[in-house]
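*Asks:* Test case, fold it:
(one chain, ligands or ions: 1)
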Amino acid sequence: MKYIHSEANGQLFFETETNEYLQIPSYLNGFRNEETTIETAQSGRTVLCFRGSLSIEEEDRVCKCGRRMHINAHQNITLRHLCFGGNLSCVFFPHNQFKCPDCGATKSQFISFKAPGHRITRELYQYTRDLLAMETYTNKQVAEITGLGKNVVKAIDKKRLQERYTMDGKEIIKPEKTTKILGIDEFKLHNGRKYATHIIDMETGHILWIVNGKKKQVVYDFINHVGLEWMDSVEAVACDMNSDFQEAFEERCPHIQPVFDHFHLIKNFNDKVVSEVRKDEQRRLYDEGNIEAAKALKKTRYILMSKRSTLQKKDRDAEAGRIIHRGSTLFGTPDVIRKAGYEDKYDSLLKENALLFTLDLIKAKLDEAYKDTVEARMAEKNIDIMDICEATGNPHLLWFRKLLDNHFEGIIAHATFQITSGKVEGINQKIKTLRQHGYGYPDDEYFFLKLFDASRRSYVRNPKSHRICD
Ligand SMILES: [Zn+2]
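*Replies:* Sure thing, here's the model as predicted:
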């Protein structure tokens, strides 16, 4: 088989002895393929190298001053092109440099099929972008399919997301619609010391704002971004109690009611009360020489922080021989446990320790309170919980009592604005997943765009489960 060049359109031809031919649309306007060599890439993959020349357009060599420019020099250029099955390809040709005999200005020959900023053809650029837009493959997989470097794939993906979600590449797009409830939350960035904040539409789960930092300024910037008129539609904002965010919202938009959702309240309770009480108790048991009991308290963090109903379910699963996954983002890395008996262990822990029993009671009462849809009733339940905390005299529970007291209004507002934690937890899960796939570091801007994008896609937990088994 030999290659011939068509004068008509510059496309590649494969000609056989019987004069039948296969035309491959190469979309490389002006490129003449004169020879094709077979080479091997560093990765070991075969590269079809299309060698040839690029015709010069007369208007391309006209100088700004109007004179016709000379060809000054030429350097060979290689551009990566589309794959042929598993093989890679590239085009190789001399790239002319023009110089004006009059004013001395120089310029490079224009290559219509070169992707700006990359040593690849527009065709390969578009193909890579299409693969990325499918949202099926990770960047690493796209790099393997196209034979491009990881950084090139990332740059193409970042550009794609910028075009979709930013205005002129920098500022994030305005919200697509108004919302009644916003959610704001901070999260740790890659090194664990820096923080970032996201603001989401609690109705759709879409991220509307995502930036570095966790100061009030984040809120001011968001309000400036969407405008006060847009903020008029917002009735409530769900946030953590340990942040300045609600103050910032109240300063600029006094009509907005902060709501402290169940998710954040339980997080505070687990982190600041359950953990601390458990540590204190362990220390006390050690001091009293009750080593066995102290040891029993070790590794009980998960059990103590779970709901009784969750433990019961896990016990049932274990009995049925299923593998048990240690739950959500609240408890850190998922773990696989095959033993049952969670509830029994929980009960024996409670029997040994009255304070732990109180924690259990409070958690159950919080659950109950957060189910209420009448503010007055929720207020009563909240006061009841505060009384229980007070009665223990335990410093951690007194701290929690104060937390409830200081945020009373925002807690009972939950009865009016029923806020499910699903949206916030969904975002946390996406942060985790993206990080696992290596998107979290070092480009924050890209990471934020990926999250912005991920929040606009519906979350399919296990796509395989929809398939019919054969
Ligand atoms: Zn000139």
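
*Asks:* Show me the chain divided up by domain.
*Replies:* Domains of the chain are assigned by automatic domain parsing as 25-112, 115-171, 174-261+420-460, 263-415.

*Asks:* Make CSV from the ones you listed and add mean pLDDT and mean neighbour count to it.
*Replies:* (Each C-beta comes from the backbone N, C-alpha and C, glycine too.) Putting the domains of the chain into CSV (pLDDT from 0 to 100; neighbours: other CB atoms under 10 Å) gives the following:
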stretch, mean pLDDT, mean neighbour count
domain 25-112, 91, 15
domain 115-171, 93, 16
domain 174-261+420-460, 89, 17
domain 263-415, 79, 16
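
*Asks:* Relative to the ion, which of these is closest?
*Replies:* domain 25-112 (3.1 Å; CB to the ion).

*Asks:* and that closest one, is it in reach of the ion?
*Replies:* Yes - using CB under 5 Å from the ion, domain 25-112 reaches the ion at 63, 65, 67, 100, 102-103, 105.

*Asks:* how about the residues of the protein that lie near the ion?
*Replies:* 63, 65, 67, 100, 102-103, 105.

*Asks:* Let me have the residues of domain 25-112 next to the ion in TSV, extended by secondary structure.
*Replies:* Below are these laid out as TSV (DSSP: H, G, I helix; E, B strand; the rest coil):
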residue	secondary structure
C63	coil
C65	coil
R67	coil
C100	coil
D102	coil
C103	coil
A105	coil
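
*Asks:* Which neighbouring elements make contact with the longest strand anywhere in the chain?
*Replies:* Longest strand in the chain, counting residues (DSSP state E): strand 70-84. Using 3 or more CB pairs under 8 Å, 6 or more residues apart in numbering; DSSP states H and E, the elements in contact with strand 70-84 are strand 46-54, strand 87-99, helix 122-133.

*Asks:* For the nearest residue to D280 once chain neighbours are set aside, which residues are in contact?
*Replies:* Nearest non-adjacent residue to D280, counting by CB to CB, 6 or more residues apart in numbering: H396, 7.7 Å away. By CB atoms under 8 Å, 6 or more residues apart in numbering, the residues touching H396 are 272-273, 276-277, 280.

*Asks:* can we see that at 7 Å?
*Replies:* By CB atoms under 7 Å, 6 or more residues apart in numbering, the contact set of H396 is 272-273, 276-277.

*Asks:* where do the strands sit along the stretch 201-350 of the chain?
*Replies:* 207-212, 236-238, 257-259, 324-325, 336-337 (DSSP state E, counting those that start in this stretch).

*Asks:* quick one: secondary structure of the residue nearest to T392 when sequence neighbours are not counted?
*Replies:* Among residues not flanking T392 along the chain, T358 sits closest, at 5.7 Å (CB to CB, 6+ apart). Here T358 takes the helix state, with states given by three-state DSSP.

*Asks:* my read: T358 touches E390, true?
*Replies:* No - with contact defined as CB atoms under 7 Å, T358 does not reach E390; the gap is 11.4 Å.

*Asks:* so who does the residue lying closest to H70 once chain neighbours are set aside touch?
*Replies:* Spatially, and ignoring its direct neighbours in sequence, H70 is nearest to K99 (5.5 Å; CB to CB, 6+ apart). Contact partners of K99, counting by CB under 7 Å, 6+ apart, are 69-70, 72, 106.
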